[in-house]
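*Asks:* okay, structure incoming, though there's no sequence with it:
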């Protein structure tokens, strides 16, 4: 029998190794790390040229404008500017009487552009003329801007905007400064509805007092946006304001709620249109409510987003929206994000990622454009998508853009696209899809950069935005506008409690909002000039003070680019974990400093040829931040418009210095640790330990100083500390693994060369299971030796930090062993114990090098070593079932394996896959700690949440099928299933 058994064993091993190689190939495709140089914009420093002299404000006692509410409001902005500059506030009158400033609507020669204006200044005063109300208002706003900036007023100027569509979001309208929510920093809701604070759970459905507060905030925001040069606003909402009249979608309560919302907010939103702004409503698709979903499933048979019948319902809803909000200019649509995180608490509306194919996008646009076109409205389609396939990479892939949108030439379609080839990070190329396509295009900018301090750090994006905008205008004649996010982007109540125009140090990101509008009017305006004008308006017109502030802002981008990014990694286009991770990666949305091995090891692998530079950049950033702080601190507070402004800016810069010093110490810690894991260098180990001590001091100082602050909140180092703690244990785990490996090898050596019954039984159980015998072996030792090896090796593998992982592994071995024991007449301890020792020896051999950290560094970044390990490890895993089957029968083995899988998978299903993965990941620090807090591991990695239930069912079916299989006759002496 020896020959056939050995041949069977050889065949089994070959098959297992082949299967392991196939698994390794699949894992390599999912996890493979690759990188190429990215075409990152070369950001040049600003703020270095000499400021122009500040001109005195003109003497204007009276402003005469036509009797028009929009023009009267614009005239008041001019009056405010004069008062800010210390002049007596002028009187605003209506009519043609003589005044120092006269504005009138008249025909301008040579051009019929409605936003065009002519400004003239002479001995008789200043006049502003325009062909429309919009043109005259623009002239008044431009004059006010010049007065606030201390700029000269030209003798004659004719101006029209280069880009005709200049949109903003809705700012901080409808969001309340909730100290408890902001201090906790754990609210990652992304819902942007501005009416949520006014919702009531029952009739009358709307809190009238809250609606009045929202109305006041809305008017303030509209007035400010107009004065900066914007002419459009995007307001979240669609399903909230429609009932799908006559279709029978909603019950009476729902219809009553909708009508109450329309009655309360339609007049509020009309203020923007009455003031000369275009009003667009915003929705994700597929937008749903429970009653609407039931209706769609009943009438169309499902939610097939490529079905025109489904979109016919939304067409009726869009018609109703335009009827209820007749001033609406159109609807903005996004299909690339959705889910529970976007849902307004207490509301039954939701969005779902369902428009995921080119056919679905085209069906949606065809239907909605037909409806919009009838009333001369536009559909703005956001190209922002994250995923696979043509729609999934529509945002950055010109070929996908053409596949999805090519050939759609509807004049009412506008495509809105972020200027970066990705999200609003630095170190990213300009978006190549903005150079292609025949549709009307607008460019998206974010003022309060969610990934770069969330508006708490000086961050002058003027030059970068100018570079992007001018590039797109030179490449694509269809670019006609911008959309500036003044407040939106990222979790709404994470980060500093700053609400645009209303709360906190919002002025820091107002610079970017102001600059984007100026660039949309005149993209050729020098970036330095725009920044200096804003400084004069916001902080000081004193030449020395304004110059120092400008120099500070001139360093801001270099500080951000080096302090928050690890340059050698960030300047590469990286693919890892089957995804395209962002260029920051070590800091996760927005303040979670990560400690996971996947991110840190990938950053090290990409950066290791420039490791000293990557680490030195952290200190360089701290130096830059210190210089920035010193520039501002040296100014005279009496030269500021408000001395409190100097204090706020100095505090922000102190915060930046402290933060960057802490991050610099942390980056040195994790990169030197990875270098030691990779090379074993004693120098790297010493540098790692020195950096770790500095990091702990800096982190403690940072938390003591900023924890609990609302304006300058401490960064979250929980995940970082988890990673540092596990890294500290690597040397000890390596020594433990060496000792355990030596013990296992000794057991196998004694088993192979001697007659120690217990060792012999384990050796034969691992290598020739059909010969394993427990007759002379010590049963307790036969169980204890593999059990100790399993427990100790898995404790070492998990740094003694993951009871969840150890418990799961041990439960699997124990359940399988007990199941086999119940199904057989012979104790299976030798076979299962021997294979357990073999499997443990393989793990320990890798851990023995430099601990679990080295194991995971190789797993994430070393494809050859990873493939070899996975091939052998999978074969060793499969050998457990082959060995058990050879010793005790295939049928019993299937029953035992199926039962084990069913029990464990059912337990995970009961816990919930997301919760189980979160616990496991928190303890092992393998994937970013923030994934489960913000997106969810299952969502981010595309893991079906019903996977444990499917596995449990599969295990149960396999076990039952094997149990029901008819037994075949057995030959004497053979244990057969």
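*Replies:* Cool, the structure landed. Note that the coordinates shown come from a computational prediction; the quantities given were computed from them, not determined experimentally. Numbering: from 1, shown residues only.
*Asks:* for residue 344, phi and psi?
*Replies:* phi -80, psi 120 (degrees, to the nearest 10).
*Asks:* got the contact list for it?
*Replies:* Listed by Cβ atoms under 8 Å, 6 or more residues apart in numbering, the contact partners of residue 344 are 191, 193, 196, 199. For the C-beta atoms, the positions are set from N, CA and C on the backbone; glycine is no exception.
*Asks:* could you redo the last one with a cut-off of 6 Å?
*Replies:* The neighbourhood of residue 344, defined by Cβ atoms under 6 Å, 6 or more residues apart in numbering, consists of 191, 193, 196.
*Asks:* tell me where the stretch 201-350 of the chain has helices.
*Replies:* Taking DSSP state H, counting those that start in this stretch, the helices of the stretch 201-350 of the chain run over residues 208-228, 252-274, 290-300, 308-324.
*Asks:* which helices and strands does the longest one pack with?
*Replies:* Of the remaining helices and strands, those touching helix 252-274 by 3 or more Cβ pairs under 6 Å, 6 or more residues apart in numbering; DSSP states H and E are helix 208-228.
*Asks:* does anything pack onto the helix it packs on? Which helices or strands?
*Replies:* The contact analysis (3+ Cβ pairs under 6 Å, 6+ apart) places helix 208-228 against helix 252-274.
*Asks:* so residue 104 sits in a strand?
*Replies:* Yes: membership of residue 104 in a strand is supported by DSSP: H, G, I helix; E, B strand; the rest coil.
*Asks:* please renumber the chain so that the first residue is 183 from this point on.
*Replies:* Got it, the first residue is 183 from now on, which makes the last one we talked about residue 286.
*Asks:* checking residue 359 next. Helix, strand or coil?
*Replies:* Three-state call for residue 359 (three-state DSSP): coil.
*Asks:* which phi and psi does it have?
*Replies:* phi -70, psi 90.
*Asks:* likewise the one 10 residues further on?
*Replies:* For residue 369, the backbone dihedrals are phi -90, psi 100 (criterion: degrees, to the nearest 10).
*Asks:* tell me the confidence at it?
*Replies:* For residue 369, the pLDDT comes out at 78.
*Asks:* without its sequence neighbours, what residue ends up closest to it?
*Replies:* Spatial nearest neighbour of residue 369, excluding adjacent residues (Cβ to Cβ, 6 or more residues apart in numbering): residue 675 at 4.0 Å.
*Asks:* that neighbour and residue 363 touch, don't they?
*Replies:* Yes: between residue 675 and residue 363 there is a contact under Cβ atoms under 6 Å: 4.6 Å.
*Asks:* who has more neighbours out of the two?
*Replies:* residue 675 (19 against 16; other Cβ atoms under 10 Å).
*Asks:* for the residue nearest to the spatial centre of the chain, list the residues it contacts.
*Replies:* Nearest residue to the geometric centre of the chain (Cα atoms, centre = their mean): residue 771, 5.8 Å. Taking Cβ under 6 Å, 6+ apart as the criterion, residue 771 is in contact with 1112, 1116.
*Asks:* helix or strand: which one has the residue nearest to residue 369?
*Replies:* Per DSSP states H and E, residue 675 falls between elements, in no helix or strand.
*Asks:* phi, psi of it?
*Replies:* Note on residue 675: backbone dihedrals following degrees, to the nearest 10 are phi -120, psi 30.
*Asks:* show me the contacts for it.
*Replies:* With contact taken as Cβ under 6 Å, 6+ apart, residue 675 is in contact with 363-364, 369.
*Asks:* would TSV of those with distance to residue 1074 be doable?
*Replies:* Formatted as TSV, those follow (distance: Cβ to Cβ, whole Å):
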residue	distance to residue 1074
363	57
364	60
369	53
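*Asks:* what packs against the longest helix along the chain?
*Replies:* In terms of residue count, the longest helix belonging to the chain (DSSP state H) is helix 825-861. The contact analysis (3+ Cβ pairs under 6 Å, 6+ apart) places helix 825-861 against helix 779-789, helix 793-815, helix 864-888, helix 1034-1043.
*Asks:* where exactly do the helices run in the stretch 183-332 of the chain?
*Replies:* Counting by DSSP H, counting those that start in this stretch, the stretch 183-332 of the chain has helices at residues 184-213, 251-266, 315-331.
*Asks:* could you pull up the mean pLDDT of stretch 397-410?
*Replies:* Computed over stretch 397-410, the average pLDDT equals 97.
*Asks:* contacts for it, please.
*Replies:* Applying Cβ under 6 Å, 6+ apart, the contact partners of stretch 397-410 are 259, 323, 350, 353, 355, 450, 453-454, 457, 683, 696, 699.
*Asks:* what's the closest of those residues to residue 646?
*Replies:* Of all those, residue 696 has the smallest distance to residue 646: 14.9 Å, by Cβ to Cβ.
*Asks:* follow-up on the earlier one: in CSV, list the contacts of stretch 397-410 along with pLDDT.
*Replies:* Formatted as CSV, the contacts of stretch 397-410 follow (pLDDT from 0 to 100):
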residue, pLDDT
259, 97
323, 97
350, 98
353, 96
355, 97
450, 97
453, 97
454, 97
457, 95
683, 97
696, 98
699, 98
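*Asks:* okay, buried residues for the longest helix of the chain please.
*Replies:* For helix 825-861, a neighbour-count test (16 or more other Cβ atoms under 10 Å) marks 827-828, 830-860 as buried.
*Asks:* then stretch 248-255?
*Replies:* If you call a residue buried by 16+ other Cβ under 10 Å, then stretch 248-255 has these buried ones: 248, 250, 252-255.
*Asks:* show residues contacting it.
*Replies:* The set of residues external to stretch 248-255 that reach it, using Cβ under 6 Å, 6+ apart, is 247, 276, 315, 318-319, 457-458.
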